[in-house]
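Participant: Sequence first, then the predicted structure, then my questions.
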Amino acid sequence: MRNVLAALRRLFHAVLLGLVGAGIVHIVVLLLVPEFSERDAWSRLSMASDLYRMNRLDAEAGGAPVVKSVDPLFYASACRFDLEEGMVRIKAPGNVPFWSVSVYDRNGHNIYSFNDHTATGGKLDAVVLTPAQMIDVRKDLPEDLQGAIFVEAPIDEGIFVIRSFVPDDSWKPIVSRFLDQSSCELQDF
């Protein structure tokens, strides 16, 4: 009987310690939520510039990077947009060894991705629009959009990210110019 009571007492003690520990962890997590929620990519980009403005994400542009890059062999640039205001067109002149593009919703979920192998002649020319805007554009496609890649995104706000490969130091100025001359413009058709 003594052994059973001792075992129950140890079990009760372990459960009580577990509950107290879980409570402490829960409180710490709740206190840290505001710290992390204000540091997402959308918030950092909004502090760096307005909508429809390209922002370099790598430290090579000078200063601290807006969003930490995962791969040092890639330079990146991003643009926030709001499709409720109209469709957005992204272009970048020149040729680089490789570029890729991703469209993210405001929460950072990847909606669409493509690269230079998808584009006509390897040139970056893309339009991001809602399904309703796509219907309107298809009725009378403007001639200057004939070679553009259309990204139909069921979102209101999003982020367009361009990444470009830098194989060695000789490519750094070319890739930097490619990203610095890229544009993100609100389009009304």
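Facilitator: Nice, thanks for sending it over. Numbering: from 1, shown residues only.
Participant: give me the element Arg89 is part of.
Facilitator: strand 87-92 (DSSP states H and E).
Participant: contacts for that strand?
Facilitator: Contact with strand 87-92 is made by 52, 79, 81, 99, 101, 123-130, 133, 137, 148, 160, 162, 178-179, 181-187, 189, as judged by Cβ atoms under 8 Å, 6 or more residues apart in numbering. The C-beta positions use only the backbone N, C-alpha and C, and glycine is treated the same way.
Participant: quick one: least confident helix or strand in this structure?
Facilitator: helix 41-48 (a mean of 74; mean pLDDT, DSSP states H and E).
Participant: Output that one as PDB, restricted to C-alpha atoms.
Facilitator: Output of helix 41-48 as PDB, limited to C-alpha atoms (Å, rounded to 0.1, in the frame of the first residue of the first chain):
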ATOM      1  CA  ALA A  41       8.600  40.400 -44.500                       C
ATOM      2  CA  TRP A  42       5.500  42.600 -45.200                       C
ATOM      3  CA  SER A  43       6.200  44.800 -42.200                       C
ATOM      4  CA  ARG A  44       9.900  45.200 -42.900                       C
ATOM      5  CA  LEU A  45       9.200  46.100 -46.500                       C
ATOM      6  CA  SER A  46       6.500  48.600 -45.500                       C
ATOM      7  CA  MET A  47       9.000  50.300 -43.200                       C
ATOM      8  CA  ALA A  48      11.500  50.400 -46.100                       C
END
